[in-house]
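> Whatever this is, show me its structure:
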Amino acid sequence: MRIGILQTGRAPDALIETSGDYDQMFRTLLDGHGFEFETYAVLDGVFPENADTADGWLITGSRFGVYEDHNWIPPLEQLIRDIHAKGLPMVGICFGHQIIAQALGGRVEKYDGGWAVGRVEYQQDGRTIAMNAWHQDQVTKLPDGARVLGGNEFCANGILAYGDNIWTVQPHPEFKSDFVGGLIEKRGRGVVPDPILDAARNALEQPIDTDEIASFMASFLKKERA
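Residues are numbered from 1 along each chain as shown. Next comes the predicted model:
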């Protein structure tokens, strides 16, 4: 199965050598599930020919806001609508979670409750799952047809689904704890309040459900659809 990775951001230069860029993190996360990957750096204006160029799609995270004025955001929103209309599988992570919501009629804003950084726990299907987060923006208004699958007190719309073909999540299943530790020092200091960063650093050794989420994402992308 061919998965098109729509890359909307980049990891800090100082961390790429050890962790890889954002697209590589997803290749690593989903390794062993039989996928072939092609990256499209949409933040540089590099887009696939159309929605049928891949069998399934994945939209990465980004340091940009989906509501910002970048010339690549409108065509990305149109591509999202085309993918959805064709019923092709698509997964969105953080910025990807937000841009899909915005493209389909929802609203994304800076959350007045502040930042989520590091390990977070969400409730989904009656159980707790843990992932690493790095965000201030949130989906504050759901598009028509969106279903809330999970969230927490801080981020109510944390995991969303649209029909049978789109699954999105606000935190980062692809972020390993050492990468979050690097982000704290390379991007966090001076931007995110120190107490939030310090609490996140203190929780870096706690377990996260990386393998479980990777298996779920792979099954979601590959499952048969009518």
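> Flag every buried residue along stretch 161-171.
A161, Y162, N165, I166, W167, T168, V169, Q170, P171 (16 or more other C-beta atoms under 10 Å). C-beta here means a position set from N, CA and C on the backbone, and glycine is covered the same way.
> So which residue is dead centre in this protein?
In the chain, the C-alpha nearest the mean C-alpha coordinate belongs to I93, at 0.9 Å (C-alpha atoms, centre = their mean).
> For P171, which residues are in contact?
For P171, the contact set (C-beta atoms under 8 Å, 6 or more residues apart in numbering) comprises C94, A116, V120, Y122, M131, N132, A133, W134, H135, G158.
> Count the residues that sit near the second one.
If you count neighbours by other C-beta atoms under 10 Å, A116 ends up with 23.
> which non-adjacent residue is nearest it?
Among residues not flanking A116 along the chain, A133 sits closest, at 4.2 Å (C-beta to C-beta, 6 or more residues apart in numbering).
> Check the fifth one too.
With C-beta to C-beta, 6+ apart as the measure, P171 is the residue that lies nearest to M131, at 4.0 Å, once sequence neighbours are left out.
> on that earlier part again, what strand or helix carries the residue nearest to A116?
strand 127-135 (DSSP states H and E).
> Can you give me every residue that contacts the closest residue to Y122 other than its chain neighbours?
Using C-beta to C-beta, 6+ apart and skipping the chain neighbours, the partner closest in space to Y122 is G150 (4.6 Å). For G150, the contact set (C-beta under 8 Å, 6+ apart) comprises Y122, Q123, Q124, D125, I129, G158, I159, V169.
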